[in-house]
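Undergrad: after the sequence you'll find the predicted model.
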Amino acid sequence: MIEIIFEAHGTTFDNEAHLASGHNDVALSPLGIQQSKEMGERYKNDHFDAIFCSDLQRAYNSAEIGFGNKWPIVKDARLRECNYGDFTQKPSEIVDKEKPQRISTPFPNGESYTQTTVRMKSFLEDLFKNYDGKRVMIIGHRATQFGLENLINGVTLEQLTSTHFKWQPGWKYNFGGIK
């Protein structure tokens, strides 16, 4: 069994402009930098065997700002946000309405949530091989969490893509392998 703590990356300039980033490699805003410091404070007395994050700067900078070199930080492209393709940097309101239509049909020139979940399944299978019995953190995106919720808790992609996201300071998952 692996204990996974999931944290969303800090706020970005795109978030503040209400734009959907997808694979756009946007930087953390000053608020996002502060949130990353606060995340580090929340976990200052904890232990993680590793911190995993996507290779997009908003995720790995959140990890580096929050934790420095306290624990190994591992970048993995499988933890990326959904590729919104032609919808990248469109208003979030438009992209959010589109998400339930993109469960198995990819965003034009992008990917579907089924495809992002396949990425997460591959990541989790490798995680289980190498970190069984450990405690890790994942810093990621909505698609990262959709994969965790779907693969670990059995929540459907239909439900996930149509539910409004509500931030909280960390989500805990106990992962015993893909069934």
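TA: Arrived safely.

Undergrad: which parts of the longest helix anywhere in the chain are buried?
TA: Ordering each helix of the chain by length in residues (DSSP state H) puts helix 113-131 first. Using 16 or more other CB atoms under 10 Å as the test for burial, helix 113-131 gives 113, 115, 116, 117, 119, 120, 123, 124, 127, 131. (Each C-beta comes from the backbone N, C-alpha and C, glycine too.)

Undergrad: for residue 102, which non-adjacent residue is spatially closest?
TA: Spatial nearest neighbour of residue 102, chain neighbours left out: residue 112 (5.4 Å); criterion: CB to CB, 6 or more residues apart in numbering.

Undergrad: show the backbone phi and psi for the nearest residue in space to residue 132 that is not next to it in sequence.
TA: Excluding the flanking residues, the one nearest residue 132 by CB to CB, 6+ apart is residue 2, at 6.1 Å. According to degrees, to the nearest 10, the main-chain angles of residue 2 amount to phi -110, psi 130.

Undergrad: any idea what residue 2 is bridged to?
TA: Note on residue 2: beta-bridge partners residue 175, judged by DSSP bridges.

Undergrad: tally of neighbours for it?
TA: Here the number of neighbours of residue 2 (other CB atoms under 10 Å) works out to 20.

Undergrad: residue contacts, it?
TA: Shown in contact with residue 2 (CB atoms under 8 Å, 6 or more residues apart in numbering): 127, 128, 131, 132, 133, 134, 135, 136, 174, 175, 176.

Undergrad: off-centre distance for the helix or strand that contains residue 145?
TA: Secondary structure from DSSP states H and E places residue 145 in helix 142-153. Relative to its chain's centre, helix 142-153 lies at 9 Å (CA atoms, centre = their mean, to the nearest Å).

Undergrad: list the helices and strands that helix packs on?
TA: Other helices and strands packing on helix 142-153, by 3 or more CB pairs under 8 Å, 6 or more residues apart in numbering; DSSP states H and E, are strand 2-8, helix 113-131, helix 157-162, strand 171-175.
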